[in-house]
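Asks: build me a model:
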Amino acid sequence: MEPISRPELARPGEPDPETKRALKVLWTIGGAMVVALSVTYAIPQLAEYRPWIKGDPVPFAAFFSQKPLEAAAQAGISDELLAEAAAAAAEDPSGDDGESDGPPMGDAPPMEDEPLPSDGPPGDEPAEEPGDEPAGEPSDPPTPGKPEPGEPSAPVPPEPAPVPEPGEPAPKPEPASAPKPLPVGEAVNVSPDALAAEYKGITGELELTGNLKPFFAALDQTARREAGAVTRITHYGASEIGADGITSVVRRKLQAYFGSAGKGWVNVAPGWQWYKHKDVVYKTRGWSSRTVTSNDLNGKWGKARYGFGGVAGLGWGGGAEASYKVWADRLELFYLGYPKGGDVAVSVNGGPEEIFSTKADAETDLTKVFRGTPGAENTFVVKSKGGGTAHVYGVTLETDGPGVVYDCIQLIGTRASRYLNFNEEHLKRQTELRKPDLQVILYGGNELVDRDMALGPYEEKYEKVIRRMRAGALEGACIVMAPQDHGEVERGRVRTVPLLLKLIPIQRRIAEKAGCAFYDTLAAMGGEGTMGRWYNSKPRLAWGDYMHLTPAGDRVIGAMLYKALMKAYADYRAAQP
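Replies: Residues are numbered from 1 along each chain as shown. Prediction:
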């Protein structure tokens, strides 16, 4: 008789043999997976298969945390910057609804151009030069309701208020007044401790700050409250600064510390549907916009003279006007004087119009100053009055200081190369008339759609653009500000567009060659993958297109730049004898 087989029994406290065999298999599989995943970090070609990359949350961290990740850590920013975001979200919750996939603004196309009228009888239009119209493309067709050449235009009725679709929130009402600047004492405290409090929570410092000495010297004069000491800053960019979001944050913070000398530059004609400004109640109608992005003055009317803001407003008859309600008492109107220029009228606080002619013997960029009531809110109105075509650019809204002015030159949907459409001498002259102590140049975001862009030509062209923009302000300082993070979705995760990582070192080199400081916005935001984290943060800092920022995100970037400026200024002062 064969012996009866009995199953092997485990000793007390030990797993049975079947469990041992199962655990051995699991350990073998787990070890193989660890080895396989480790290989993806050792071989660059396998990078897309890595289970975790820089910027992702720590795997399984949420399972071992007694509370959710702090919002600041989730977004990758400091507590001080998170407080800025929370304040912005409380003021404007539209960016934190969790539903929108893109910004409310977007890169709107330029406003539809109106046909240019003649300055005299039919047939008296300025002669076009060869090559004015591209082959096969007709000139602007006549628009119904517009005057024939030589005829005055009828007044333009105000546009009706937009009616929201069912279920959509009603549009925000226009502000009745611009915010009143905060008072500043007789002297500004620029002690190390006072300045350190301003840049607490800084996440990224400016580089090449030795190039900012002219700007800091101007800021010193403003801080000492010297008579007429106005520090002017001009910030150029595309939709990143659209609607004066980031720029208004920096403006208000600098003015709260050093004093306000006014709003700064605002166009007469908007140029784009989403051309908006803060710190001024700006209304405009009836102007025919000509934008440097469309390049529709090149070789003909105005010879590529688009003005400091990149938009020329053409007005004839009495139908075009722009109004500015602002805490400033000095309006300076920038316009083109030329042989067939029309009349322009400016009124202050509803008073009598001062009418003047823009005619001149030759094409010349000119300005004219108008005064309001000092220390009060003033309303300035600029109108075209006929007698030719008024070719106006924009206005500056300032006081005599001391204080800071921060311009927002927003060219929506624009690449930096569009600045090469300017008449070079005209751009230089406009910049000379504006006299910025600091130019902040933020371009590169719209170039990121060209994933296969040739980097050599890009670097050559962008350096050329920077030098042209600088030509009229060589006594001042400049900052090349790299684009904010732009994300794309790959394998279910949001990663930084690879081209951006190539453009940043190029822009850093250009800044150094051009004698500018440099600001790495991506690094200050938290590095690669920021847009995914910012979209998921609370409050939400980025829209679902992973390119644009919510109002809270604008507040954070503006605060980042302000802290970087104040840190560099503190270092400058500490180095003074």
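Asks: contacts and neighbour counts: CA atoms only from here.
Replies: Noted.
Asks: quick one, helices of the protein?
Replies: 17-42, 61-64, 71-75, 79-91, 192-198, 213-223, 245-258, 424-434, 455-470, 498-514, 521-525, 530-536, 551-574 (DSSP state H).
Asks: among the ones you listed, which is nearest I479?
Replies: Closest approach to I479 among the helices of the chain is made by helix 498-514 (7.3 Å; C-alpha to C-alpha).
Asks: quick one on the thing from earlier: out of the helices of the chain, which gets the lowest mean score?
Replies: Least confident of the helices of the chain, judged by mean pLDDT, is helix 61-64 with a mean of 50.
Asks: that older thread, what's the most buried one of the helices of the chain?
Replies: Ranked by mean neighbour count, the helices of the chain are led by helix 530-536 with a mean of 25 (mean count of other C-alpha atoms under 10 Å).
Asks: so what does it touch, helix or strand wise?
Replies: helix 71-75, strand 487-490, strand 493-496 (3 or more C-alpha pairs under 8 Å, 6 or more residues apart in numbering; DSSP states H and E).
Asks: mind listing the strands the second one pairs with, and their directions?
Replies: Meaning strand 487-490. Here strand 487-490 is paired, per DSSP bridges, with strand 493-496 (antiparallel).
Asks: from the chain's centroid, how far away is the partner strand?
Replies: 23 Å (C-alpha atoms, centre = their mean, to the nearest Å).
Asks: got the buried residues for it?
Replies: Buried residues in strand 493-496, defined by neighbour count with 16 or more other C-alpha atoms under 10 Å: V494, R495, T496.
Asks: neighbouring contacts of it?
Replies: Contact partners of strand 493-496, identified using C-alpha atoms under 8 Å, 6 or more residues apart in numbering, comprise D485, H486, G487, E488, V489, E528, G529, T530, M531, G532.
Asks: one more pass at 10 Å, please.
Replies: Residues outside strand 493-496 that contact it (C-alpha atoms under 10 Å, 6 or more residues apart in numbering) are 53-56, 485-490, 522, 527-533, 535, 546-547.
Asks: export the helices of the chain to a markdown table and tack on distance to E377?
Replies: Formatted as a markdown table, the helices of the chain follow (distance: least, C-alpha to C-alpha, whole Å):
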| stretch | distance to E377 |
| --- | --- |
| helix 17-42 | 61 |
| helix 61-64 | 53 |
| helix 71-75 | 39 |
| helix 79-91 | 23 |
| helix 192-198 | 29 |
| helix 213-223 | 22 |
| helix 245-258 | 16 |
| helix 424-434 | 23 |
| helix 455-470 | 32 |
| helix 498-514 | 39 |
| helix 521-525 | 35 |
| helix 530-536 | 38 |
| helix 551-574 | 26 |
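Asks: nearest to S289, of those?
Replies: Among the helices of the chain, the nearest to S289 by C-alpha to C-alpha is helix 424-434 (17.7 Å).
Asks: what's the angle between the closest one and helix 455-470?
Replies: 50 degrees (axes from the mean of the first three to the mean of the last three C-alpha atoms, to 10 degrees).
Asks: just the C-alpha atoms of helix 424-434, please, in PDB.
Replies: The C-alpha atoms that make up helix 424-434 are tabulated as PDB, following Å, rounded to 0.1, in the frame of the first residue of the first chain:
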ATOM      1  CA  GLU A 424      12.700 102.500 -38.200                       C
ATOM      2  CA  GLU A 425      13.300 106.300 -37.700                       C
ATOM      3  CA  HIS A 426       9.700 106.700 -36.600                       C
ATOM      4  CA  LEU A 427       9.900 104.100 -33.900                       C
ATOM      5  CA  LYS A 428      13.100 105.600 -32.700                       C
ATOM      6  CA  ARG A 429      11.500 109.100 -32.600                       C
ATOM      7  CA  GLN A 430       8.400 107.800 -30.800                       C
ATOM      8  CA  THR A 431      10.600 106.200 -28.100                       C
ATOM      9  CA  GLU A 432      12.600 109.300 -27.700                       C
ATOM     10  CA  LEU A 433       9.500 111.400 -27.200                       C
ATOM     11  CA  ARG A 434       8.300 108.800 -24.500                       C
END
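Asks: and it, what does it pack onto?
Replies: With contacts taken as 3 or more C-alpha pairs under 10 Å, 6 or more residues apart in numbering; DSSP states H and E, helix 424-434 sits against strand 230-237, strand 330-337, strand 364-371, helix 455-470.
Asks: out of these, nearest to F422?
Replies: Per C-alpha to C-alpha, nearest to F422 of the helices and strands packed on helix 424-434: helix 455-470, 9.5 Å.
Asks: run the chain-centre distance for the closest one.
Replies: Its chain's C-alpha centre and that of helix 455-470 lie 19 Å apart, by C-alpha atoms, centre = their mean.
Asks: quick one, it and helix 498-514 angle?
Replies: 50 degrees.
Asks: what packs against helix 455-470?
Replies: Looks like helix 455-470 contacts helix 424-434, strand 438-442, strand 477-481, helix 498-514 (3+ C-alpha pairs under 10 Å, 6+ apart).
Asks: identify the residues contacting that helix?
Replies: 236, 415-420, 422, 424-425, 427-428, 431-432, 436, 438-439, 441, 443-444, 447, 471, 474, 476-478, 480, 499, 502-503, 506-507, 509-511, 513-516.
Asks: one more time with 8 Å
Replies: 416-417, 419-420, 424, 427-428, 431, 439, 441, 478, 503, 506-507, 510, 514.
Asks: and for stretch 210-222?
Replies: Outside stretch 210-222, the residues touching it (C-alpha under 8 Å, 6+ apart) are 229-231, 258, 402-404, 437-438, 475-478, 515-517, 569, 572.
Asks: show me which of those residues are buried.
Replies: Buried among the contacts of stretch 210-222 (16+ other C-alpha under 10 Å): 229-231, 258, 402-404, 437-438, 476-478, 515-517, 569, 572.
Asks: between the two ends of stretch 442-461, how far is it?
Replies: 15 Å (C-alpha to C-alpha, to the nearest Å).
Asks: now that stretch: how far from the chain's centre is it?
Replies: On the basis of C-alpha atoms, centre = their mean, stretch 442-461 is displaced by 18 Å from the centre of the chain it belongs to.
Asks: from here on, call the first residue 19.
Replies: All set: I'll call the first residue 19, so the last point we hit is now stretch 460-479.
Asks: sorry, back to before: just the buried residues of strand 511-514 now: which is nearest R270?
Replies: T514 (30.5 Å).
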